[in-house]
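*Asks:* Generate coordinates for the sequence data below:
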Amino acid sequence: MIVDSSFPSGIEQARGTMPPFVASARADGILCAMTNEASGLTEFAADVVDRFALTPAELLHAAIARRVFRRVGVAATPARLIHDRAARSAYAVTRRVVLDGAGAMAKALRTTGGDEVRPLSRSRGGRYALAAVNAVAGDSLVERNNDLAIRMSVRDGGTDVACTRDGLAQAFPRATSTLAVFLHGLAETEEWWFFRPVTGGRVRSFGSRLQEDAGFTPVYIRYNTGLHVSDNGAHLATLLESLIHSWPVRVQRLILIGHSMGGLVIRSASHASTLAGHRWPAVAIHVVTLGTPHHGAPLAKAAHAAAWAFRAVPETEPIAYLLDSRSAGIRDLRLGALHEDDWRDEQPGSFDDRRRDIPLLPHCKYTFITATVTSNPSHPVGFALGDLLVRTESASGRSRKRIVPVPAGSVRNVGGLSHFDLLDHPVVYEVLHAAITERSTSRES
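*Replies:* Numbers count the residues shown, from 1 in each chain. From the prediction side, this is the model:
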């Protein structure tokens, strides 16, 4: 954000910190997060008013005032100083009233309702809304210790599962030595893998079908998609190490399946674990990405370019500010950033590709599944639109300047499907199953 020095907004000075997030694990292994979502919603609402109403208004006001006073000339200096002081005070007072009022209300809700209040987490719709909020502002929620911030965790039945031997044994009573770990994409939850209608009284998800057809135990992970991919990668690396260590039986084979952003998080976690000397990469036999923007997503690139363009004109700077307020996770989707060096110290208007080349896991097979809305991936429409959110060249790991080093035969395309069809479509499962069982059989023989 760029603010004229003669008219400082005082935004950062007005923002305070929020109550700390406290988490604990019960003896039965189910994570018990002392979370008051009602107070978190109140604090988040105040932050929304600040970020998306007060601050843009202040920036627009400042831009117009600068232009007017510059036209009048030096003679307007006394009036400009009085105006700037009055405007600065007005916005500061308004911001303080909003934030302090929300803080007092949040404190009252926490006092009367207790620490464990979960109006959102109790329903699927609420959980979807929570995931969307984290996608848009998850990094800000974590920075402010807001109770709405999602913590990465293993999930079962809509609740967190502690990666302890007792907790995993209770959640997975039929645990096998082969695991299929699923990571969702931006603004999703683990429940997005179960979108397709129930068939014959059973949910025909990829996980349940892999369990029946190949003996893999499905493990679903939920995470805050608003954080940097590299941060989520570091969290996943640690979580998988705990999962493998505490799994009820000895893990012999591990498959990682990521939809969209989830594939980037898996690749980042693999590199982080290799550097940390973790044990789980040794049992990882296959990584499958579904519509993953290995080289970025068009919408993320468009948002970045639009912010750059709006920033050039003072009167449209508030729009640039709103676009620049998108979460770190969304910003990482511009190029598919995997490492913290890819984004650290990057200037807001930079178009440089600073990504590091991240090596793949040795002795591990990779399959990149892409989709096109046209049956023929070579069709001009399919080539231009891909699966509507990710273009085929990005999902296949191949671009004009960079290539993810996987064999050409490891890229599989499914035609006539969209980005979200990759989560549960039967045709996608057949491709997934064929790739996995081919590797599993060759490994066993």
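
*Asks:* Residue 100 and residue 107, how far apart?
*Replies:* Computed as Cβ to Cβ, to the nearest Å, the residue 100 to residue 107 distance reads 10 Å. All C-beta atoms are positioned from the backbone trio N, CA, C, and that covers glycine.

*Asks:* can you pull out the helices in the stretch 301-445 of the chain?
*Replies:* Taking DSSP state H, counting those that start in this stretch as the criterion, the stretch 301-445 of the chain carries its helices at 317-324, 328-332, 380-385, 392-395, 426-444.

*Asks:* Among those, show me which one is buried the most.
*Replies:* Comparing the helices of the stretch 301-445 of the chain by mean neighbour count (mean count of other Cβ atoms under 10 Å), helix 328-332 ranks first with a mean of 25.

*Asks:* Tell me which other helices or strands that one touches.
*Replies:* The contact analysis (3 or more Cβ pairs under 8 Å, 6 or more residues apart in numbering; DSSP states H and E) places helix 328-332 against helix 124-143, helix 229-246, helix 298-311.

*Asks:* how's the chain carved up into domains?
*Replies:* By the assignment in automatic domain parsing, the chain contains the domains 11-119, 153-298+353-444.

*Asks:* got the residue ranges for the helices in the stretch 51-200 of the chain?
*Replies:* Under DSSP H, counting those that start in this stretch, the stretch 51-200 of the chain gives helices at 55-72, 77-113, 124-143, 165-171.

*Asks:* so which of the ones you listed gets nearest residue 349?
*Replies:* Ranking the helices of the stretch 51-200 of the chain by distance to residue 349, with Cβ to Cβ as the measure, places helix 55-72 first at 16.2 Å.

*Asks:* Please identify the most buried of the domains of the chain.
*Replies:* The densest packing among the domains of the chain, expressed as mean neighbour count by mean count of other Cβ under 10 Å, is seen in domain 153-298+353-444 with a mean of 20.

*Asks:* from the chain's centre, how far out does that one sit?
*Replies:* 14 Å (Cα atoms, centre = their mean, to the nearest Å).

*Asks:* Confidence-wise, which of the domains of the chain is weakest overall?
*Replies:* Note on the domains of the chain: lowest mean pLDDT is at domain 11-119, with a mean of 71.

*Asks:* how far is that one from where the chain is centred?
*Replies:* 23 Å.

*Asks:* which other residues reach stretch 340-359?
*Replies:* For stretch 340-359, contacts defined as Cβ atoms under 8 Å, 6 or more residues apart in numbering pick out 228, 230-231, 267-268, 271, 274, 304, 307-308, 311, 324, 328, 331-332, 335-339, 401-402.

*Asks:* Provide a list of residues in contact with the residue nearest the centre of the chain.
*Replies:* By Cα atoms, centre = their mean, the chain has its centre lying nearest to residue 225, at 1.5 Å. For residue 225, the contact set (Cβ under 8 Å, 6+ apart) comprises 131, 134-135, 138, 184-188, 232, 261, 327, 329.
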